[in-house]
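Colleague: sequence and predicted structure are below.
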Amino acid sequence: MDDPSQRSHACGKIKLIRKDIKALAAYHVPDSSGMIKLDAMENPFPLPDKLKASWLKRLGEVELNRYPDADMHTLREKIAAKDGLNADQVLLGNGSDEIIQMLLVAADTGACASPSPTFVMYDLISRWFRRPVATIPLENDFSLNADKFLQLCTREKASIAFLACPNNPTGNMWSESTIRKIAAGFRGLLIIDEAYLPFADRTHTDLIAPNVLILRTYSKLGWAGLRLGYLLGDAKTISELNKVRLPYNINSLTQASADFFLDHFSVFEKQAEEICSEREKVSKVLAAVDGIELFPSQTNFLLLRIKNSDEIFEQLKQGNILIKNMGSHGGLLKNCLRITIGSREENRALIAALKEILA
Ligand SMILES: Cc1ncc(COP(=O)(O)O)c(C=O)c1O
């Protein structure tokens with residue numbers, strides 16, 4: 001049979017799609033309709049009614065027949081001001097995923113280094129660009145050894161490295177001395193990914209340097225549907241990275257929404273506080289359950305290890321509760337489940353279902 005991905009060409013056979021791309025699996029998002037959704041680190045709270053009404057009014061003023069503001073100076077200025085920085089120190093992306101992609105397009109030739117396990121997109125996007133990936137396993141307690149990481153970067157000639165602080169999927173924050181040592185020792189682009197900053201006790205903005213950048217997202221704070229991430233860094237480095245940003249990458253509705261929500265930021269900060277307080281309550285209950293090994297978290301999710309994790313995941317799913325089964329990644333994640341902190345009611349339902357399954 002004719003393989004449609006291979007067509008004859010005047011100068012011989014050409015392949016339509018690269019072999020290594022064909023071998024990849026697309027990023028899978030499971031169907032969650034009608035379920036309690038605790039799999040994707042979203043904020044469980046809807047917009048308060050009054051705020052929603054003013055936001056919708058603001059959206060009504062957007063001129064959809066026009067292209068979005070391409071430069072977004074005012075929005076960047078507003079975002080920068082929250083960290084005492086300038087607009088030229090901010091790069092905006094369609095989610096921080098898009099910024100990871102820009103970084104991997106622009107970084108000099110060399111490997112992309114990260115600890116393992118960590119956020120999967122560093123590895124996946126590197127592969128799209130045929131960039132070698134270099135990883136070292138975290139220690140058994142999920143800590144990171146700075147010397148081993150720096151040795152890896154030298155040995156594998158890494159030109160870019162990602163450190164998710166706190167880390168996904170392990171939930172922990174590496175020690176400050178570890179991060180400082182790596183920032184001082186690594187010569188390539190170092191990206192400190194602070195996706196979970198709203199739930200963590202420390203930021204790393206004081207480490208910003210020509211090669212050290214801070215990546216953030218509004219997704220976990222309650223705006224996942226907007227797709228807005230940002231990179232903070234040295235103005236010269238940001239202006240180089242801006243050259244690989246697609247024109248109009250942030251649509252007008254997202255720009256208007258972000259501008260509006262930034263003026264009401266305390267609403268989302270309070271929600272994040274509530275999520276942290278729920279996290280502590282859920283942690284206490286789960287840590288006391290026989291058979292559960294619970295790991296400390298500075299994020300809006302919990303990672304736990306438990307025997308028969310596949311079965312437990314499936315049973316929760318049958319009970320309409322969707323969490324993330326991490327076990328298939330193997331290694332340190334064997335028998336691990338990742339649970340996003342939901343609303344009080346959702347967390348109660350999860351705990352009740354888990355206890356029933358384990359009884
Ligand atoms: C560490 C980390 N970085 C980045 C992202 C991507 O976030 P965004 O929704 O902004 O693309 C995630 C999402 O889960 C994450 O866990």
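Modeller: Thanks, I have it.

Colleague: show me the protein divided up by domain.
Modeller: As given by automatic domain parsing, the domain ranges for the chain are 22-44+266-358, 67-263.

Colleague: close to the ligand, is the longest one?
Modeller: Yes: contact of domain 67-263 with the ligand (Cβ under 6 Å from any ligand atom) involves Gly95, Ser96, Asp97, Phe119, Ala164, Asn168, Asp193, Ala195, Thr217, Ser219, Gly229. C-beta: built from backbone N, CA, C; applies to glycine.

Colleague: so which of those are in helices?
Modeller: Among the residues of domain 67-263 next to the ligand, the members falling in helices are Ser96, Asp97 (criterion: DSSP state H).

Colleague: just the ones of the residues of domain 67-263 next to the ligand in strands?
Modeller: Counting by DSSP state E, those place Ala164, Asp193, Thr217, Gly229 in strands.

Colleague: tell me which residues touch the first one, please.
Modeller: The neighbours of Ala164, taking Cβ atoms under 8 Å, 6 or more residues apart in numbering as the test, are Ser114, Thr118, Phe119, Asp193, Ala195, Tyr196.

Colleague: may I ask which of those has the most neighbours?
Modeller: Asp193 (29 neighbours; other Cβ atoms under 10 Å).

Colleague: spit out the contact partners of it.
Modeller: Ser96, Phe119, Phe162, Leu163, Ala164, Cys165, Leu215, Arg216.

Colleague: and the helix ranked longest in the chain, what's buried?
Modeller: When every helix of the chain is counted residue by residue (DSSP H), the longest turns out to be helix 265-287. Under the neighbour-count criterion of 16 or more other Cβ atoms under 10 Å, helix 265-287 has Phe268, Gln271, Ala272, Glu274, Ile275, Cys276, Glu278, Arg279, Val282, Ser283, Val285, Leu286 buried.

Colleague: and the closest residue to Ser96 other than its chain neighbours, how far from Glu194?
Modeller: Among residues not flanking Ser96 along the chain, Gly229 sits closest, at 3.0 Å (Cβ to Cβ, 6 or more residues apart in numbering). Per Cβ to Cβ, to the nearest Å, Gly229 is found 11 Å from Glu194.

Colleague: intersection of neighbour lists for those two?
Modeller: Contact criterion Cβ under 8 Å, 6+ apart; residues shared by Gly229 and Glu194: Leu215, Arg216.

Colleague: show me where the stretch 251-359 of the chain has helices.
Modeller: 252-262, 265-287, 309-318, 344-358 (DSSP state H, counting those that start in this stretch).

Colleague: just checking, what packs against the second one?
Modeller: The reference is to helix 265-287. When contacts are defined as 3 or more Cβ pairs under 8 Å, 6 or more residues apart in numbering; DSSP states H and E, helix 265-287 sits against strand 293-294, strand 301-305, helix 344-358.

Colleague: so Pro44 touches Ala349, yeah?
Modeller: No: in this structure, Pro44 is not within contact of Ala349 by Cβ atoms under 8 Å, at 11.7 Å.

Colleague: between these two, which one's more packed in?
Modeller: Shown here are Pro44 and Ala349; by other Cβ under 10 Å, Pro44 has more neighbours (21 against 18).

Colleague: wasn't the more buried one part of a helix?
Modeller: No: under DSSP: H, G, I helix; E, B strand; the rest coil, Pro44 sits outside any helix and is assigned coil.

Colleague: OK, contacts around it?
Modeller: Ile275, Ile341, Gly342, Ser343, Glu346.

Colleague: before we move on, what about Asn242?
Modeller: By Cβ under 8 Å, 6+ apart, the contact set of Asn242 is Leu91.

Colleague: quick one: it and Phe162, what's the gap?
Modeller: 20 Å.

Colleague: report how many residues lie close to the nearest residue to Ala224 once chain neighbours are set aside.
Modeller: With sequence-adjacent residues excluded and distances taken as Cβ to Cβ, 6+ apart, Ala224 is closest to Glu42, at 5.0 Å. Glu42 has 18 neighbouring residues, counting by other Cβ under 10 Å.
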